[in-house]
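# no FASTA, just this:
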């Protein structure tokens, strides 16, 4: 047997290598956001001359990232709240309730998890217009609920299927309705799974690009990733400004991930594998 | 009873979700009918700082001159506009006025679908014929079936003009004693000389693709006749892309690439990045459009100038150019007359003055005595545009020719530049696209 | 999936009430558009005019003879190597380094390595376009600094290298995801197996091969499905880095759909390509799912 000490050094070296592979590009973006156009060209990892916030200020006000940020928050919050609530109900129905037609219903829902967004965008556009919802937050919220619910239902179904049956039966003996069983008995147990779902749906919604680009055309209704693409226009763009914008887009998801990563891993364990 | 409670709970939950969003809707949509105000919805793609300010000023002045009229401005990038405008114009509540890109895949397709209002009656009413020439008007014209480009009805009016030429770094030229070339032969000699000195002759990046079309076509415009380029672009009189001139232009471009005249690693550099490099003093020249002038004036210690691609000895040269993206009116708009009034304002002398002040070429003549400094880069572009406009040498963006021409040209030019294909292969591949379109 | 019994006296249709809100939204905003896309694939339509012509299977016929489609699909298959095979291998390697013995700093590495997965693809594209920039990008600067100046390339603009370059970005994004998944799975493998095999004289590599990999069968299945789907439906990344160039060298099916639909007004054709993509993704997912279930049944 090799001694653990000799194993330790190569292990850390390898890990450090892969960590740098992630950290260097990200820190390059971070540093770039504080530079001027000409400074950026001079050297990738040179520290900016001053830590000035001009690029951020310009992105935030002139680039209207303040508005995009607000829109992203509204859309993400609504999509997360609605699709998680709906997914819990659907997962409960699939996992624990008698459900005639379940055999064909479930694959139907599964389909939505696999469909590429490019494939549904044009019919979606016309449908939303028919409903008079184009250029409202609804145009972003409803389709993304539809697309998140597929995964959410898979996720929550696997939780409820594995929930302790005797607990459910005991609740029924005590006279709990199905509704009460869900919220009083199962909800506390479901929290880690739900938290994970919240984080995942938040990330997908926050980062979604194509739907947000096409389904909403009013500039004041745009979300952050589309606003970022706005900087990459036809004729000219300012790279440090782009970096500042990119940072504004990236920071919320990174923060949420760092805060909730415990749930993340636990959820992966419980959900994805059984899905 | 239990079931009732469940139903109510779900309804309540749903109402909560719905209600949360209700409040976030824009107030304008709910109160519109109550006021007397007329709202004109305008989509434009002047999103960059300086341009955007010009539009805001023009809109404010229009509102001031028309009490009760409110302009609701929606700003887009050109890419964004390409994706969304067609769909929006087909809706009953789409924009009243919008900037519609010329060419078949945009304006042509929209005319065919009956989305745009023919402007000929307004052309007469406002006497736009005195504002722009018929050659300019034909660039915004289609037959009513959308099939034939360059003739038929007028569908848009353009506020700005564009010309593709050569920007050069004056500071660098002075330091090295280089002269602005007068002929293409001199131009090529200069390229070799700059290369020898260890500098980059032409700052270029082909990663985004579209600007490679300009590099090729700028040379092409020195070799072909105006009739040819008109026929090719408008798809009439059955011209071919497979010509001696096009092969020669492609060969020159490929030879430049092989000789290392372009920025090192140019295939992996985007358009914006290559401009940033040029602005920072990396590269003696760059071939692109007059729209870049504004960018090159501010925030740099280099001085830049602009000249037209010089002609081959003893040959008349054309230059890629034209008018900017025109404003058009949605056919189903209920405010067509007001919209036309707005279009007329967009091409007024006042608009010309504001665009010129912002460093953009106006398509209209500048008003007498306008206070504009032309002893600079902007003046260079203005004089270049004036020269080709008066000399009847305004060419075309050839990617308008067919709906797929842009994608084909970009892909084939990248192959040509990378020496994956020969100049003959290049024209054959492009001709195949062109033929396929004409045969439809 | 088992079926659940209604309690005595309970209406067995009650579960439908729980499904109703989600199901309606799903039907309207996901399922109906899918059907509509399939329907549109039989028409010639430019996406906005009132006229659409039924042309049967013509769009599909055109597609199978379209060199661009074959080309794009081939690139997606190559992306499976970068989005799936490499990340799964790297994920296994990293997970085995991070787990079992608790060492200081492991949480840090775990957090950092997963980071690319949470960043918007538009942002990832912005970062890598800059890194690959031949003039001022860190990659070429680094190569020059260590005396490998002859290896500098135009990366994203190089015909031979653009596809692997974009693919590597995919690897960069995906391996952290695989790693987290495997780490989670490894917590379920009993330490006793390792101890027992150590006594039998097995080395770390043998343990990895005979204990870790079989123990992670389910997780590997999930990683395969997820990353293969990602490789097949990649769009944002190509859109923000190369737009399919140079000369279609990085064209993928997702971008072909976008280009046909939004730049060339060929909605019918784009729908046909989308339909085929959808069917392929569906088939692959079901296949892997079946293989995995077969394995699990065999185990039990």
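Everything's here; your move. This one's a predicted model, so the numbers in the text were calculated from it and none came from an experiment. Numbering: from 1, shown residues only, chains lettered A, B, ... in the order given.
# give me the pLDDT for residue 88.
All of this is about chain A. Listed pLDDT for residue A:88 reads 95.
# wait, chain C
If you check residue C:88, the pLDDT there is 95.
# quick one: low-confidence parts of the chain?
Using chain A here. When residues are selected by pLDDT under 70, those of chain A lie in A:1-7, A:37-38, A:40-45, A:230-238, A:264-275.
# was after chain C, sorry
Low-confidence segments of chain C, defined by pLDDT under 70, span residues C:1-3, C:99-102, C:292-300.
# where along it do the strands fall?
Here chain C has its strands, by DSSP state E, at C:43-44, C:53-54.
# will you turn these into a markdown table that also has mean neighbour count and distance to residue B:311?
To be clear about C-beta, it is placed using only N, CA and C from the backbone, and glycine gets the same treatment. Supplementary listing: the strands of chain C in a markdown table, determined by neighbours: other C-beta atoms under 10 Å in any protein chain shown; distance: least, C-beta to C-beta, whole Å:
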| stretch | mean neighbour count | distance to residue B:311 |
| --- | --- | --- |
| strand C:43-44 | 18 | 45 |
| strand C:53-54 | 10 | 48 |
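# mind checking the longest helix of chain A?
Determined from DSSP state H, the single longest helix within chain A is helix A:65-96.
# got the angle for the helix or strand just after that one vs helix A:65-96?
Proceeding N to C from helix A:65-96, the next assigned helix or strand is helix A:102-114, under DSSP states H and E. Regarding helix A:102-114 and helix A:65-96, their directions subtend 160 degrees when assessed with axes from the mean of the first three to the mean of the last three C-alpha atoms, to 10 degrees.
# so what's the closest residue to chain C within the stretch 1-150 of chain B closest to, chain neighbours aside?
In the stretch 1-150 of chain B, no residue comes nearer to chain C than residue B:113, which is 3.4 Å away by C-beta to the nearest C-beta. Once flanking residues are discounted, residue B:113 sits nearest to residue C:49: 3.4 Å by C-beta to C-beta, 6 or more residues apart in numbering or on different chains.
# residue C:184: how many residues sit nearby?
When neighbours are counted by other C-beta atoms under 10 Å in any protein chain shown, residue C:184 registers 22.
# thought it was touching residue C:219?
Yes - taking C-beta atoms under 8 Å as the contact criterion, residue C:184 and residue C:219 are neighbours in contact, 7.0 Å apart.
# longest strand anywhere in chain B?
With residue count as the measure and DSSP E as the assignment, chain B has strand B:161-169 as its longest strand.
# so what secondary structure elements neighbour it?
Taking 3 or more C-beta pairs under 8 Å, 6 or more residues apart in numbering or on different chains; DSSP states H and E as the contact definition, the neighbouring helices and strands of strand B:161-169 are helix B:210-223, strand B:285-289, strand B:304-307, strand B:321-323, helix B:377-390.
# now do that strand and helix B:377-390, the angle between them.
On the basis of the same axes, to 10 degrees, strand B:161-169 is oriented at 130 degrees to helix B:377-390.
# so what strands line up beside strand B:161-169?
The sheet places strand B:161-169 alongside strand B:285-289 (antiparallel), strand B:304-307 (antiparallel), strand B:321-323 (antiparallel), with pairing taken from DSSP bridges.
# following the last one, which helix or strand shows up next?
Looking back up the chat, that one is strand B:321-323. Counting by DSSP H and E, the element after strand B:321-323 in chain order, helix or strand, is strand B:327-329.
# what's next to that next one, contact-wise?
B:44, B:96-100, B:107, B:110, B:116-117, B:119, B:155-159, B:336, B:339-340, B:342-343, B:346 (C-beta atoms under 8 Å, 6 or more residues apart in numbering or on different chains).
# okay, buried residues for that strand please.
The neighbour-count criterion (16 or more other C-beta atoms under 10 Å in any protein chain shown) identifies B:327-329 as the buried residues of strand B:327-329.
# export those residues as JSON lines, with columns for pLDDT.
Formatted as JSON lines, the buried residues of strand B:327-329 follow (pLDDT from 0 to 100):
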{"residue": "B:327", "pLDDT": "96"}
{"residue": "B:328", "pLDDT": "96"}
{"residue": "B:329", "pLDDT": "96"}
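# from residue B:108, how far out is the nearest residue to residue C:173 once chain neighbours are set aside?
Nearest in space to residue C:173, with sequence neighbours left out and distances taken as C-beta to C-beta, 6+ apart, is residue C:116 at 4.7 Å. According to C-beta to C-beta, to the nearest Å, residue C:116 stands 42 Å off from residue B:108.
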